[in-house]
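>>> quick one, what's the 3D model for this:
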Amino acid sequence: MRLGIPGVQTFAVNTDFRHLSHVQADQRILVGKRQLGGQGSAGDRPAVLEAAEDGKEEMVRRLSQFEIVFLLAGLGGGTGSALLPYLARELRRTDTLPVPVAFLPFQVELDTNSQRRANTADAIAELEELGGLLLALSNERLRRFDGLPMNHVFQLRNTYVHNLVTGLVDMVETPSLMNVDLASLKAHLADAGISTLLHAEHHISEPERLVQQALSESLLDFQMTDAPSALLHVDGGSNFTLRTHERIVRTVRQHFGEPRRLLLGIRIHPEPREVLRMTAVVGGLKPRAIRQAIAPPPRSPTGPPTARR
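Here you go, the predicted structure:
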């Protein structure tokens with residue numbers, strides 16, 4: 001809401017009326033008023049699923065009017081862990097493309113709260129089984145910024161999400177020289193299994209760094225197979241050359257092996273631009289990789305769980 005994305009509407013969905021009334025959003029949807037009385041779910045995921053069935057018609061009607069819906073939820077509690085896979089599944093049955101964005105708890109939250117671990121694992125299992133786009137943002141990866149104030153760190157994370165959203169929306173909404181529209185995206189996802197979304201910006205003198213940065217600086221949990229698929233869209237200026245194009249493609253092949261499917265879109269602006277922007281949809285990811293990332297640490301034969309590095 002603060003950073004702004006032209007043409008995008010925001011919805012807040014919750015079982016907690018008090019929290020919902022304070023959230024900045026264009027529209028709000030209260031779920032489970034009859035079952036939960038507007039008091040929140042207290043981590044009870046099955047109760048939220050029951051309430052979601054009660055409110056399914058309204059939620060799907062209001063959300064399915066859009067071509068793409070980003071579903072952002074923190075996992076671990078009852079409401080987000082239940083509604084994220086539920087809405088993703090229901091919207092998949094319409095013409096809308098759902099993009100689940102799951103915020104994974106810190107490892108200490110999982111290690112010290114069995115209910116949060118179970119809710120998170122159940123939600124991720126359902127999302128992985130659905131396939132399609134899945135953005136799993138790892139709070140644990142924010143520890144690379146552990147010297148910064150906490151509010152600043154979460155602002156960095158929100159800016160990262162904002163770049164992912166704007167990159168995908170811009171890719172399919174704005175015509176390009178080598179175009180990637182919504183139909184192309186859906187066709188790519190239909191054959192890609194579990195997919196994720198990456199974003200990078202770098203100086204045109206080093207186009208190889210686009211791919212390297214997108215992979216190394218990601219805040220997402222995912223693992224590529226030996227034969228992933230990739231849909232890339234690069235945004236540049238009139239100084240974008242065929243040599244630059246070739247350098248990007250060569251780097252993709254170096255980092256992705258030989259992708260079983262590669263589609264590259266390019267937008268050329270009339271003026272020279274020193275910075276290239278890339279949005280990449282990477283598919284063919286390893287199943288259960290996110291669940292393994294949040295699994296309990298192994299226990300030593302004679303002591304407590306082994307510390308993670």
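>>> quick check: which element contains Gly4?
Counting by DSSP states H and E, no helix or strand carries Gly4.
>>> could you look up the SS state of Pro270?
Following DSSP: H, G, I helix; E, B strand; the rest coil, the label given to Pro270 is coil.
>>> can you give me the strands for the stretch 1-150 of the chain?
With strands called from DSSP state E, counting those that start in this stretch, the stretch 1-150 of the chain shows them at 11-14, 27-30, 68-74, 97-104, 132-133, 135-138.
>>> could I get those as CSV with mean pLDDT and distance to Ile5?
(Glycine included, C-beta is placed from N, CA and C.) Output for the strands of the stretch 1-150 of the chain, formatted as CSV (pLDDT from 0 to 100; distance: least, CB to CB, whole Å):
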stretch, mean pLDDT, distance to Ile5
strand 11-14, 94, 14
strand 27-30, 93, 16
strand 68-74, 95, 10
strand 97-104, 95, 13
strand 132-133, 93, 17
strand 135-138, 92, 16
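>>> kindly reformat these as TSV containing distance to Val48 and mean neighbour count.
Compiled in TSV, these are given as follows (distance: least, CB to CB, whole Å; neighbours: other CB atoms under 10 Å):
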stretch	distance to Val48	mean neighbour count
strand 11-14	10	20
strand 27-30	12	15
strand 68-74	11	19
strand 97-104	15	23
strand 132-133	22	22
strand 135-138	20	24
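>>> which of these sits closest to Leu232?
Taking CB to CB, strand 132-133 is the member of those nearest to Leu232, at 15.0 Å.
>>> which residues touch that closest one?
Strand 132-133 has contacts (CB atoms under 8 Å, 6 or more residues apart in numbering) with 88, 92, 97-100, 189, 194-197, 281.
>>> can I get the strands of the stretch 1-150 of the chain in JSON lines with distance to His255?
Output for these, formatted as JSON lines (distance: least, CB to CB, whole Å):
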{"stretch": "strand 11-14", "distance to His255": "36"}
{"stretch": "strand 27-30", "distance to His255": "40"}
{"stretch": "strand 68-74", "distance to His255": "26"}
{"stretch": "strand 97-104", "distance to His255": "23"}
{"stretch": "strand 132-133", "distance to His255": "20"}
{"stretch": "strand 135-138", "distance to His255": "19"}
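>>> ends of stretch 12-22, what's the gap?
End-to-end distance for stretch 12-22: 10 Å, by CA to CA, to the nearest Å.
>>> may I see the buried residues of it?
Buried residues in stretch 12-22, counted by 16 or more other CB atoms under 10 Å: 12-16, 20.
>>> now those residues in a markdown table, with distance to Ile268?
Converted to a markdown table, these look like this (distance: CB to CB, whole Å):
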| residue | distance to Ile268 |
| --- | --- |
| Ala12 | 38 |
| Val13 | 39 |
| Asn14 | 43 |
| Thr15 | 47 |
| Asp16 | 47 |
| Leu20 | 44 |
